[in-house]
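Chemist: Just the structure for this:
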Amino acid sequence: MPCFMLHHRHEPRECPAVFAAWRGFASPLRHQPALGSCLFDDHQIWWRVEADSADDALGRLPWYVAVRTIAIPIAEVPIP
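Modeler: Residues are numbered from 1 along each chain as shown. Coordinates of the predicted model:
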């Protein structure tokens with residue numbers, strides 16, 4: 001199955017709304033750890049998601065989060 005890195009950015013003032021957007025939103029990503037830089041005043045979040053398409057991957061995010069997110073196709077690569 002294809003894999004995507006969801007890369008989300010928001011402004012510092014949007015932090016409360018980004019996290020509140022998850023309330024009541026059914027998603028396999030909810031209550032799961034994600035990588036984020038908000039605690040370091042950079043305001044980005046990343047999720048690694050297996051999905052059929054980029055749209056399917058973005059559909060796992062609440063709308064408020066998804067419109068500020070890009071889905072990047074990724075795969076493991078051997079590092080010599």
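
Chemist: Helix, strand or coil: sort out residue 57 for me.
Modeler: The three-state label given to residue 57 by DSSP: H, G, I helix; E, B strand; the rest coil is helix.

Chemist: from what I can see it touches residue 8, true?
Modeler: No. Between residue 57 and residue 8 there is no contact under C-beta atoms under 8 Å: 11.7 Å. Just so you know, the C-beta spots here come from the backbone N, C-alpha and C atoms, and that holds for glycine as well.

Chemist: Who has more neighbours out of the two?
Modeler: Counted by other C-beta atoms under 10 Å, residue 57 and residue 8 do not tie: residue 57 has more neighbours, with 25 against 20.

Chemist: Pull the contacting residues for the nearest residue to that one once chain neighbours are set aside.
Modeler: Leaving aside its sequence neighbours, residue 57 sits nearest to residue 51 (C-beta to C-beta, 6 or more residues apart in numbering; 3.8 Å). Contacts for residue 51 (C-beta atoms under 8 Å, 6 or more residues apart in numbering) come out as 1-4, 57, 60.
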